[in-house]
Structures are given as C-alpha cells and as structure tokens.
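Trainee: heads up, no residue letters with this:
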C-alpha cells in the first residue's frame with residue numbers, strides 16, 4: 001500500500017492523545033517529529049519508534065522524506081506553522097483553529113488551493129463514533145431536520161499555560177466551542193446566516209450560542225461549566241421524530257434515544273470521541289485525500305467557517321446583538 005510520509009509538529013499532551021490512532025493509520029508512515037524542546041522530541045521519537053527528530057520545525061518541513069505535516073502546536077502558532085509547511089510544498093493536517101482570525105484562516109486556504117495542496121482541519125467530532133453517522137441517521141429515520149441542540153457539560157475548572165491567555169488560545173470559543181459550532185453547521189449541511197451569543201468566553205464560565213440557518217431553522221449550543229464530569233449531548237429534531245445522543249468525553253460510553261411515531265428506542269454504544277479509532281480515521285482520510293485526490297472530509301472551507309462562527313460569536317458577546325455572518329468578512 002502506498003503511504004504518505006508524515007511529520008509531527010509539536011510534542012504535548014495532545015500529541016499523546018492523537019498518537020495511538022495516528023500510529024496505526026494504514027496509509028501513513030510517521031517519519032519525523034519536531035518540538036521546540038529537543039529532548040521532548042527525542043524522547044517521543046525513541047518511545048514510539050519514529051526514525052527522525054529535531055528541535056527545528058523548518059528542518060522537518062524541508063525533509064525529503066516528509067510529504068505532509070500535522071500541526072499540533074499551540075493555537076497561536078497554527079497559522080505560522082501551516083504557512084511555512086505550505087511554502088515548502090507539504091500537505092497540512094491542521095489542528096483547530098486554523099487561525100485566530102477569519103482573515104488569516106482564509107489566507108491559509110488560498111495558499112493551499114493555489115499550490116494544489118491538501119489542507120484538512122482536525123475538527124474530529126465529525127469522524128468520531130457516535131457522531132459520524134448522524135447525518136445518515138437523521139435522513140433515514142427523522143428527517144428533514146428542524147432543530148439541533150448541542151450541550152456541553154463540564155466540571156468547574158481553569159486552564160493554565162498558553163490556554164489561559166485568550167490572546168494565545170482564542171478563548172473558549174476558539175479552543176473548545178469551535179467543535180460544537182462546526183458540528184451544528186455540518187449537521188444542517190449549510191451555512192448559518194446569523195449568530196447570537198450570551199455568557200462569557202472564559203474557561204469555567206457558561207456560554208450559550210444561537211445559530212440562525214434561516215426559514216425558522218436553528219441550532220442552540222449550550223455550555224455549562226459549573227456542573228460535573230465532561231459530557232456532550234446532541235439533540236436532533238426532525239419532521240418525523242428526534243434523536244438524542246449523549247457521550248462521555250474525552251473517552252467513554254454513549255447512549256442513544258430515538259423517538260418516532262413507531263415508538264421509543266434506547267441503546268448504548270462505545271463513543272470514545274478522542275480515542276484511537278477517531279484519530280486513525282482522521283489521519284487515514286487526510287492521507288487518502290492526498291493519494292487519491294478525493295475531497296478531505298473536513299476541508300479548509302470548513303476550517304474557515306469554524307473560525308468565522310467563533311469570531312462572529314465573540315462579536316455578538318461584545319455588542320449584545322446578533323452578528324450577521326455574511327458581514328464578518330467577504331465570502332470565501
């Protein structure tokens with residue numbers, strides 16, 4: 001089987017999360033790893049059987065045995081690393097968010113498009129078990145869709161390091177809630193028109209977001225950071241019934257309820273949203289888009305739109321009014 005040679009940019013707790021899945025991707029070979037701390041890069045490479053390591057990101061990007069890179073560095077470095085890799089002719093699997101402004105995200109997309117390179121964004125919820133089959137389930141069991149409610153429940157907590165600085169991480173909208181924004185747009189299969197946000201874009205604080213998709217269609221994203229555990233809930237209401245799915249985050253079990261005119265069905269499933277299967281799927285679909293030329297399942301357009309929604313939600317928090325998404329910046 002032909003394989004894409006991939007270099008990992010960044011060694012952190014997140015690298016440890018994605019690695020179990022990345023390491024077993026059948027159409028990928030991890031050939032390099034880079035970190036600002038050379039000792040961390042060396043230790044990760046030796047522990048996981050990666051042939052080459054460096055403390056110089058540009059050395060990895062220029063290596064002839066690297067076809068693509070995974071950008072897994074802190075949020076404020078995403079744009080810089082992606083642009084440097086694209087300039088070297090490398091395909092990019094970009095960790096979310098693509099950038100901390102819409103303008104910078106669009107610039108990335110345009111460069112990738114101009115150079116004919118794949119730029120995929122790791123908004124992994126779409127590819128997780130218990131989530132990835134929802135569009136087909138909606139269509140076959142309850143569609144057409146009428147409303148989506150997405151809930152995120154967390155225990156009280158605060159972030160440290162670069163994640164504690166909104167200028168470096170983008171706040172909770174860019175660091176965490178961007179996943180739920182992307183999920184809502186993906187389920188509706190079209191772009192929202194307006195967005196209204198209430199609450200605080202701060203770790204440990206609650207946040208509620210309403211997305212208007214027109215024609216009475218909407219999505220509600222509700223974040224409660226003052227409860228227990230770490231859970232996600234997706235309620236999909238259709239013309240013929242509704243589907244409720246809940247899952248423990250980042251790993252763990254899920255449960256499903258389907259209610260239609262035929263009655264009520266309940267079942268359980270193993271979600272493991274950030275587990276091995278999810279990130280194996282992320283890397284394999286990225287590599288498949290490189291090898292076959294097929295569209296990436298989470299495109300640069302999707303990444304730009306996620307940033308667009310997060311930025312508009314922040315503007316709504318600032319003004320207290322709904323933000324017009326078509327007016328955040330000129331369309332892609």
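Mentor: That came through, no problem. All values derive from a computational prediction rather than experimental measurement. Numbering: from 1, shown residues only.
Trainee: Low-confidence bits of the stretch 201-332 of the chain, can you list those?
Mentor: Within the stretch 201-332 of the chain, the ranges that satisfy pLDDT under 70 run 327-332.
Trainee: Sorry, wrong one. I was asking about the stretch 51-200 of the chain.
Mentor: Using pLDDT under 70, nothing in the stretch 51-200 of the chain is flagged.
Trainee: Tell me where it has strands.
Mentor: 52-54, 68-71, 91-95, 119-122, 145-154, 194-199 (DSSP state E, counting those that start in this stretch).
Trainee: quick one: the last one to chain centroid distance?
Mentor: Once both centres are worked out by C-alpha atoms, centre = their mean, to the nearest Å, strand 194-199 turns out to sit 20 Å from its chain's centre.
Trainee: now do the third one
Mentor: Shown here is strand 91-95, whose average C-alpha point lies 11 Å from the average C-alpha point of the whole chain (C-alpha atoms, centre = their mean).
Trainee: packing partners for it?
Mentor: On a contact count with 3 or more C-beta pairs under 8 Å, 6 or more residues apart in numbering; DSSP states H and E, strand 91-95 meets strand 68-71, helix 78-87, strand 119-122, helix 276-292. In short, each C-beta sits where N, CA and C put it, glycine included.
Trainee: quick check: angle from it to helix 78-87?
Mentor: 170 degrees (axes from the mean of the first three to the mean of the last three C-alpha atoms, to 10 degrees).
Trainee: quick one: residue 213 is in a helix?
Mentor: No. Read with DSSP: H, G, I helix; E, B strand; the rest coil, residue 213 is strand and lies in no helix.
Trainee: Is it correct that it is in contact with residue 194?
Mentor: No. With contact defined as C-beta atoms under 8 Å, residue 213 does not reach residue 194; the gap is 9.0 Å.
Trainee: contact partners of the host helix or strand of residue 219?
Mentor: Assessed by DSSP states H and E, residue 219 sits inside strand 217-224. With contact meaning C-beta atoms under 8 Å, 6 or more residues apart in numbering, strand 217-224 is reached by 145-154, 172, 176-177, 180-181, 184-185, 187-188, 192, 199, 206-213.
Trainee: So which bits of it are buried?
Mentor: The neighbour-count check on strand 217-224 (16 or more other C-beta atoms under 10 Å) flags 217, 218, 219, 221, 222, 223 as buried.
Trainee: next one: stretch 71-85
Mentor: Buried, per 16+ other C-beta under 10 Å, within stretch 71-85: 71-75, 77-79, 81-85.
Trainee: for stretch 23-30, same thing?
Mentor: Neighbour-count burial for stretch 23-30 flags 23, 25, 27, 28, 30 (criterion: 16+ other C-beta under 10 Å).
Trainee: What backbone torsions are found at the closest residue to residue 248 other than its chain neighbours?
Mentor: Leaving out its chain neighbours, the residue that sits closest to residue 248 by C-beta to C-beta, 6 or more residues apart in numbering is residue 231, at 5.8 Å. The phi and psi values for residue 231, taken as degrees, to the nearest 10, are phi -140, psi 150.
Trainee: go on, residue 300?
Mentor: Backbone geometry at residue 300, expressed as degrees, to the nearest 10, gives phi -60, psi -30.
Trainee: who's in contact with it?
Mentor: By C-beta under 8 Å, 6+ apart, the contact list for residue 300 reads 98, 108, 109, 112, 113, 119, 120, 121.
Trainee: Same question for residue 119.
Mentor: Per C-beta under 8 Å, 6+ apart, neighbours of residue 119: 82, 86, 91, 92, 94, 108, 109, 112, 296, 299, 300, 303.
Trainee: Between these, which sits nearest residue 1?
Mentor: Distance to residue 1 across the contacts of residue 119 (C-beta to C-beta) is lowest for residue 91, with 17.7 Å.
Trainee: contacting residues for that closest one?
Mentor: By C-beta under 8 Å, 6+ apart, the contact list for residue 91 reads 4, 67, 68, 69, 117, 118, 119, 286, 290.
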